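Novice: pasted the sequence and its predicted model underneath.
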Amino acid sequence: QLLKEISVDQIVITPNQQPPHKSTPVTAPHHRMALLELALPMFPIHNYINYSDKKIDYKISDVELNRSGNSYTYDTVMSMKENDPTDSHWGLLIGGDNFLLFHHWHYYKALAEKVIIVVVPRNGVDGDTYSRYQQQYKLPHCHILSSGTVSISSSQIRNKSKKTGIATVDDYIASHGLYR
């Protein structure tokens, strides 16, 4: 459903090096890369990679992992756009919980001018909440998905209140003693 609402040529998943709101990363970068490599083939987007006879390319980028200091989405987008020889339109796919905190992001207004913000709603939050937020903070390019809510968060996985539902990922987390 997700990819039927938006036109996508490529999906780039970028784990961050050092989130600015955390004093230290919860999990080492090599573990986060490994978890993404295990999860991506099982992620729902993978089921919709082909639509309308169009193949969508996806990859995991280590652009932030090769940088020191705090990871800011604005810096990452600017770096990736500088290295993109095409005149592509860029989107930023984020969960509804992060969207409602977007005004706290580093250079959020400039970032909102550079990308189309694609919001995956969280369960229990109606579309009007996201629309009001977009208007309040004057975010020009947003698309609130009408389908595809996310009912699990990374903090729930870290707190062990939920598993990912992907056996290889859950086994990796357990065997490497992550999120204890």
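Specialist: Thanks, I have it.
Novice: residues in contact with the helix or strand encompassing A34?
Specialist: Using DSSP states H and E, A34 sits in helix 29-39. Contact with helix 29-39 is made by 13, 15, 17, 25, 27, 60, 62, 65, 164, 166, 168-169, 172-173, 176, 178, as judged by Cβ atoms under 8 Å, 6 or more residues apart in numbering. Backbone N, C-alpha and C define where each C-beta goes, glycine included.
Novice: please flag which of those sit within helices.
Specialist: T168, V169, Y172, I173 (DSSP state H).
Novice: just send these back as TSV, with neighbour count and pLDDT too.
Specialist: Converted to TSV, those look like this (neighbours: other Cβ atoms under 10 Å; pLDDT from 0 to 100):
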residue	neighbour count	pLDDT
T168	14	90
V169	19	87
Y172	18	92
I173	22	88
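Novice: which one of those sits closest to A110?
Specialist: Nearest to A110, judged by Cβ to Cβ, of the ones in helices among the contacts of helix 29-39 is V169 at 34.2 Å.
Novice: per-residue confidence for S88?
Specialist: Per-residue pLDDT puts S88 at 77.
Novice: the residue lying closest to it once chain neighbours are set aside - how many residues pack around it?
Specialist: Residue nearest to S88 in three dimensions, not counting chain neighbours: D9, with 7.2 Å by Cβ to Cβ, 6 or more residues apart in numbering. By the measure other Cβ atoms under 10 Å, the count of residues near D9 is 11.
Novice: right, and D9 touches T86 too?
Specialist: No - D9 is beyond contact range of T86, at 9.1 Å (criterion: Cβ atoms under 8 Å).
Novice: if we can go back for a sec, tell me how far the helix holding A34 lies from the chain's centre.
Specialist: Helix 29-39 has its C-alpha centroid displaced from the chain centroid by 14 Å (Cα atoms, centre = their mean, to the nearest Å).
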